[in-house]
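> sharing a sequence plus its predicted fold:
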Amino acid sequence: MITGKLVGLRAIEKSDLALLRDWRNNPKFRKNFREIRELSMSNQEAWFERIVLGSRDDFMFIIVRLEDNTPIGVCGLTYINWIIRSADFSFYIGHEAKYIDNDGYAEEAAKLLIDYGFNILNLHKIWTELYEFDNIKISFLTGKLGFHKDGVLVDNCFEGGKYWNSYIVSILAKEFRDK
C-alpha cells in the first residue's frame with residue numbers, strides 16, 4: 001500500500017467491484033465521466049479483468065481512509081504511453097457521494113498518486129480531460145494540485161440537452177517537483 005498520513009492507495013480487489021459500480025453509477029458523478037452509461041456487475045467484472053488484471057498500461061487503486069481502513073474512493077493512472085511517458089489521471093471520492101472532499105483525503109490521495117506516477121513510474125506528464133461544467137474537479141486540479149489548461153475541445157460533451165467544451169489539463173514532473 002502507498003501510504004500518507006490520512007489515506008492509503010491499495011490494489012483493487014474483486015470484492016471492491018460492487019462498491020465501485022455503485023459509486024460510478026451515481027448520476028452526479030457519471031455526468032463527469034467519459035463512460036456515461038449505467039454499469040452492471042458484468043461491466044465491472046470485464047473492466048477488472050481487462051484493466052486491473054490484464055493491463056500493463058493502467059494502474060488503478062482504491063483510496064482507503066487509514067484511521068478505519070474504509071474505502072473512500074478510487075484513482076489511477078491510465079492509458080500510459082511509455083514512449084512519451086504520459087498517463088491519464090483518473091480520480092474521485094465515492095464515499096458519501098463527495099466526489100472531491102474538503103477533508104484533506106482527496107488532496108493527499110491525489111498527491112500520492114501523482115508522486116507515484118512521477119517518482120516510481122518515471123512519467124513525464126500526467127493529464128486528464130474535464131468537462132467545462134465540472135467546476136469542482138477543475139478547481140481541485142488547477143487550484144490545489146498545479147495542473148494547467150493545455151487546450152479546449154469545443155462541443156466535446158453532450159449533457160443536459162446541450163453541448164459543452166472539455167479541457168485538457170496537465171502537470172509535468174518538473175512542475176510537480178518544483179511545487
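Alright, I've got the coordinates.
> wait, isn't residue 113 in contact with residue 78?
No - counting by CB atoms under 8 Å, no contact exists between residue 113 and residue 78, whose distance comes to 11.2 Å. (C-beta placed from N, C-alpha, C; glycine too.)
> higher neighbour count, those two?
For residue 113 versus residue 78, the count of surrounding residues by other CB atoms under 10 Å is larger for residue 113: 23 against 16.
> show me the contacts for the more buried one.
Residues counted as contacts of residue 113 (CB atoms under 8 Å, 6 or more residues apart in numbering) are 2, 9, 61, 75-77, 89, 91.
> equivalent analysis for residue 39, please.
Here residue 39 is in contact with 21, 24-25 (criterion: CB under 8 Å, 6+ apart).
> buried ones among these?
Of the members of the contacts of residue 39, the ones counted as buried by neighbours, 16 or more other CB atoms under 10 Å, are 21, 24.
> as CSV, the contacts of residue 39 with pLDDT, distance to residue 172 and secondary structure would be great.
CSV is the format used below for the contacts of residue 39 (pLDDT from 0 to 100; distance: CB to CB, whole Å; DSSP: H, G, I helix; E, B strand; the rest coil):
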residue, pLDDT, distance to residue 172, secondary structure
21, 86, 34, helix
24, 85, 29, helix
25, 85, 34, coil
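> how about the strands of the chain, start to end?
For the chain, the strands defined by DSSP state E cover 2-3, 7-11, 59-65, 70-81, 86-93, 125-131, 148-159, 162-172.
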